[in-house]
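**Student:** predicted model, plus sequence, below.
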Amino acid sequence: MGERASKNSIDAYGASGKTNLLTFDPEKLLLVEDESHPLYNPRVKIPTNESLVASIMYRGVIEPVIVWKDPETGKTCVVNGRQRVKAAREANRRLKKQGEKPKLVRATVERGSSQNMMAVMVMADEGRTDQTPLGRAHLAQRLLEAGYTEDALPIILHCSKVALKGYLALLETPADVRRAVEGGLPLKRALEVAELSPEKRKDQLKKLADIQATEKHKARKARAMDAAQGKSSAPKMRSRREIEDLRVKLLAAILPIEGERELRDDWIAALDWVMGKRGVPKGLLASASASASEPETAKAS
């Protein structure tokens, strides 16, 4: 019966296969804080996000985390999803106080060595989070020490070979240069400054820091002035009347076109779609798909 239901669910959704998700009490998942462990990530120290806690209290952990069972300790370690697990723990503490049922965390399981799990952890985090250049540099160094080659690192870190060389070079720069990079100094500029003599480097870093401080002050001042005047950096939303007027003008320009009736009709359909007057213009999508599939040489000609 279970096999039939499984097969039916695959057919019903048009899926190519099926995997199992496990559910865990977040308190029973290990968040690695030992810096010598392959799965240690400094992000574990990030304060719990209140918005995420509220979301989990309302709906639970929607996106599954990734876990791995350490064969040495028998503990289930979090490979990816530290913030979700931390937030789930806090959410459950509050739910229990309210007399409500705690939430479980859904997880997918990865198997392999701790070295392999380190790569999975880095790839999952690098694909979705902003990491500082120095943070990437330390990750690159850890991966090299774990036995990965420099050819594999750009794939794992989601970066180019040139960027990787820059990250590794950053580890060899003086401490004041690394601090400047953490403060926002572009990596390329930092590596240039690192080549200067100690006296010139100190002077140059001070000048660059002053420029950064001035730019930040100007930006804050501009935002404050905009707020005082009721302005916003968000794009202006046009009124329905403005859009309708524009539609009439565009239609007046499009309708007289001869010899391109199908294209003209697609344009009108697109305008109506933007106005919410009809569904997605299939003809236009077909035209766009055909255009996108043309060889570059054909487009150039």
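**Tutor:** Arrived safely, thanks for sending.
**Student:** quick check: the closest residue to residue 160 other than its chain neighbours vs residue 121, distance?
**Tutor:** Closest residue to residue 160 apart from its sequence neighbours, by CB to CB, 6 or more residues apart in numbering: residue 154 at 6.1 Å. Heads up, the C-betas are built off the backbone N, CA and C, glycines and all. Here the criterion is CB to CB, to the nearest Å. By it, residue 154 lies 17 Å from residue 121.
**Student:** who's more crowded, those two?
**Tutor:** Just comparing residue 154 and residue 121: by other CB atoms under 10 Å the higher neighbour count belongs to residue 121, 26 against 16.
**Student:** confidence score at the more buried one?
**Tutor:** Residue 121 is assigned a pLDDT of 90 by the prediction.
**Student:** now it. Nearest residue, chain neighbours left out?
**Tutor:** Using CB to CB, 6+ apart and skipping residues adjacent in sequence, the residue nearest residue 121 is residue 79, 5.0 Å away.
**Student:** which ones are touching that neighbour?
**Tutor:** Counting by CB atoms under 8 Å, 6 or more residues apart in numbering, residue 79 makes contact with 39, 65, 66, 67, 68, 110, 117, 120, 121, 124.
**Student:** now do the SS call for the closest residue to residue 110 other than its chain neighbours.
**Tutor:** Distances taken as CB to CB, 6+ apart place residue 68 nearest to residue 110, at 5.0 Å, with adjacent residues excluded. The three-state label for residue 68, taken from DSSP: H, G, I helix; E, B strand; the rest coil, comes out as strand.
**Student:** and residue 68, what pLDDT?
**Tutor:** According to the prediction, residue 68 has pLDDT 95.
**Student:** may I have the beta-bridge partners of it?
**Tutor:** With DSSP bridges as the criterion, residue 68 is bridged to residue 77.
**Student:** thinking again about what came up before, pick the one among the contacts of residue 79 closest to residue 138.
**Tutor:** Comparing the contacts of residue 79 against residue 138 with CB to CB picks out residue 121 as the nearest, at 13.4 Å.
**Student:** my guess is that closest one contacts residue 39, does it?
**Tutor:** Yes: counting by CB atoms under 8 Å, residue 39 is a contact partner of residue 121 at 5.8 Å.
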